[in-house]
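Asker: predicted model follows, preceded by the sequence.
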Amino acid sequence: MDALLKIENLHIEIDGKEILHGVNLSINTGEVHALMGRNGSGKSTLSNTLMGHPAYKVSKGQITFNGTTINNLKSNERAKLGLFLGFQYPLSIPGVTVASFLRQANKALKGDAVSPKEFRKLLYEKMDDLEIDHAFATRYINDGFSGGEKKRMEILQMAMLEPKFVILDEPDSGLDIDSLKLVADSINKFKTRNPQLGILLVTHYQRILDYVKPNKVHVFVDGNIVESGGPELALELEKKGYDWLVQREEVRK
């Protein structure tokens, strides 16, 4: 089986400093992979690189998505291929409603010129499926939203734009346990409706993996994946922390 997303010997620089040092990762259609690691280990650098952030320079290696090499593609071109990034800290956009934003995003991505009535019907169907109140459609994007509301808006964007692969950069960041369950439930509902979807879920903690079950878990230390395994690896990290892997890598150096 050809991988939906394949990363080979990826080296990334920011302002001339190398942050990622030869990352290799392969994710098949329909799989959920969790990427874990401490702050500063390179997880968000990989997320931003995959989506084409211009500050992150690929100095070596290759990223292939659905059979296409995307190293030199812009973010909007990657989005049109079916990539989506859910941000750790979604931006607020005062003055732009959720409905307006999603309609313009849908038009830019798909070229669909659906009528306002047709679009609103589709939006409400997606909101109902994710158990999001219709009143959110008239609110300004993330303006005054709680942490959980911001993350659920990211899932709503996914539902409307229908990507083939999503990168969720710390969707559990800053959430209490009730909000975490709501966000995880939204992710699971979207995945159930889209069984071919690939997911890379970036997180510090094992707790979200109690609700969103990964096929594989990978651990980042100092800009590279140093350990991969099944869901049991996340449980081991919960018990032992990251020190044992950090110390092991220091010995290897």
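Answerer: Yes, it's here.
Asker: quick check: Lys74 touching Gly52?
Answerer: Yes. Here Lys74 lies in contact with Gly52, judged by C-beta atoms under 8 Å, at a distance of 5.7 Å. Bear in mind the C-beta positions are built from the backbone N, C-alpha and C, glycine included.
Asker: of the two, who's got more company?
Answerer: Gly52 (21 against 11; other C-beta atoms under 10 Å).
Asker: from Asp185, how far out is that one?
Answerer: 30 Å (C-beta to C-beta, to the nearest Å).
Asker: one more: Leu25?
Answerer: According to C-beta to C-beta, Leu25 stands 27 Å off from Asp185.
Asker: between these two, which one's more packed in?
Answerer: When Leu25 and Asp185 are compared for neighbours, Leu25 comes out ahead with 20 against 16, by other C-beta under 10 Å.
Asker: hang on, that one is in a helix, isn't it?
Answerer: No. Using DSSP: H, G, I helix; E, B strand; the rest coil, the assignment for Leu25 is strand, not a helix.
Asker: Thr49: neighbouring residues, count only.
Answerer: Count around Thr49 with other C-beta under 10 Å applied: 24.
Asker: so it belongs to a helix, correct?
Answerer: Yes. Assessed with three-state DSSP, Thr49 lies in a helix.
Asker: which stretches of the protein have low pLDDT?
Answerer: Within the chain, the segments meeting pLDDT under 70 span 1, 112-113, 251, 253.
Asker: against Tyr205, how distant is the residue nearest to Thr68 when sequence neighbours are not counted?
Answerer: Leaving aside its chain neighbours, Thr68 sits nearest to Leu81 (6.4 Å; criterion: C-beta to C-beta, 6 or more residues apart in numbering). Counting by C-beta to C-beta, the gap between Leu81 and Tyr205 amounts to 31 Å.
Asker: got it, and Asn24?
Answerer: Applying C-beta to C-beta, the value for Asn24 to Tyr205 is 24 Å.
Asker: same check on Ile93?
Answerer: Ile93 is 29 Å from Tyr205, by C-beta to C-beta.
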